[in-house]
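>>> take a look and give me a structure for this.
(2 chains)
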Amino acid sequence: MRIATWNVNSLNVRLPRVEEWIGYAQPDVLCMQETKLADTAFPHMAFEALGYEVAHNGAGRWNGVAIASRVGLADVVSGFMGDTPPLFDGEVQESRIVSATCGDVRVASVYVPNGRALESEHYQYKLAWFKALREHLDTTCDPAKGVVVCGDFNVAPEDRDVWDPKRFMKVTHTSKPERAALEAVQEWGLVDAFRLLYPQERLFSYWDYRAGDFHQGRGMRIDLVLVSQALAKGVTWGLIDRNARKGKLPSDHAPVLIDIDVPA
DNA sequence: ATGCCTTATTTCATAAGA
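This is a model prediction of the structure:
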């Protein structure tokens, strides 16, 4: 199974690039984030034409996550669970996770809140959201089975996952609490598939649009494919498709794809 | 030291991203 994750930064704008990419990357499952679409506006026909079923959780304007699959799409769940209590008083439920069973694998597409700044209430929300993700896994998934949680985690797991750690001292995406929150999710029973394939490499999945950051190599690795132990043994190949960040109207993120021999 | 760009919308200005 070839599974991929891509923060598309508006599927309205990016649909031609996504269609092109599906054409040559041929993912079995493509998780997308920041579709910025309402469910009613999702371009289902474009994906059906390519042989994919899609589960989408979106309210328009902000956020929005999707799973496109050509190996089946069952038991779709939008959000954490039907009756997840709000993370804080007055929370507007945001569209940041959708789950589905594709083939024999339970897949989640996640878009972790940005956090904005260490002193921001949005940072506290980010940490709370991570905790809710862990609880979601605890209550709805089995770590002994085939599980993939992929998406834009808005956390660089280690210093080597940012272009210059010195410049990430007092900002989000690299702080200890954020990394601990990500680790708590991984401790449920998930490993970073990219690091299985590339133990040392410093490769990135996001580059700011500004200041030529992409061509200067000023990036971060914040888009992750986390796989359960049962699947980790079957990870055979993968890459971050840096070419998809080039050219006309690119997303600011590149897709990450991973090939897995899924045990029967 | 900071912004640089891109997107969507309650659009010709603002919010958000990371």
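
>>> and the stretch 51-200 of chain A, which residues reach DNA strand B?
A:60-62, A:113-114, A:116, A:122, A:152, A:154, A:172-173 (Cβ under 7 Å from any atom of the strand). (C-beta placed from N, C-alpha, C; glycine too.)

>>> adding secondary structure, pLDDT and neighbour count, write those residues out as JSON lines.
Formatted as JSON lines, these follow (DSSP: H, G, I helix; E, B strand; the rest coil; pLDDT from 0 to 100; neighbours: other Cβ atoms under 10 Å):
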{"residue": "A:60", "secondary structure": "coil", "pLDDT": "85", "neighbour count": "14"}
{"residue": "A:61", "secondary structure": "coil", "pLDDT": "88", "neighbour count": "9"}
{"residue": "A:62", "secondary structure": "coil", "pLDDT": "91", "neighbour count": "13"}
{"residue": "A:113", "secondary structure": "coil", "pLDDT": "95", "neighbour count": "20"}
{"residue": "A:114", "secondary structure": "coil", "pLDDT": "95", "neighbour count": "15"}
{"residue": "A:116", "secondary structure": "coil", "pLDDT": "94", "neighbour count": "14"}
{"residue": "A:122", "secondary structure": "helix", "pLDDT": "92", "neighbour count": "13"}
{"residue": "A:152", "secondary structure": "strand", "pLDDT": "98", "neighbour count": "27"}
{"residue": "A:154", "secondary structure": "coil", "pLDDT": "98", "neighbour count": "24"}
{"residue": "A:172", "secondary structure": "coil", "pLDDT": "96", "neighbour count": "21"}
{"residue": "A:173", "secondary structure": "coil", "pLDDT": "97", "neighbour count": "19"}
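
>>> could you pull out the strands in the stretch 51-200 of chain A for me?
For the stretch 51-200 of chain A, the strands defined by DSSP state E, counting those that start in this stretch cover A:53-57, A:65-69, A:74-78, A:97-102, A:105-111, A:147-152, A:190-192.

>>> ok, the longest one: who's next to it in the sheet?
Which is strand A:105-111. Strand pairing for strand A:105-111, using DSSP bridges, gives strand A:97-102 (antiparallel), strand A:147-152 (parallel).

>>> so which of those strands is the most surrounded?
strand A:147-152 (a mean of 26; mean count of other Cβ atoms under 10 Å).

>>> so for residue A:249, which of the strands paired with strand A:105-111 sits nearest?
strand A:147-152 (18.8 Å; Cβ to Cβ).

>>> can I get the closest one as CSV, trimmed to CA atoms?
Output of strand A:147-152 as CSV, limited to C-alpha atoms (Å, rounded to 0.1, in the frame of the first residue of the first chain):
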residue,chain,number,x,y,z
VAL,A,147,-2.9,2.0,12.0
VAL,A,148,-1.6,5.0,10.2
VAL,A,149,-1.9,8.5,11.5
CYS,A,150,-0.6,11.0,9.1
GLY,A,151,-0.9,14.7,8.4
ASP,A,152,0.4,18.1,9.3
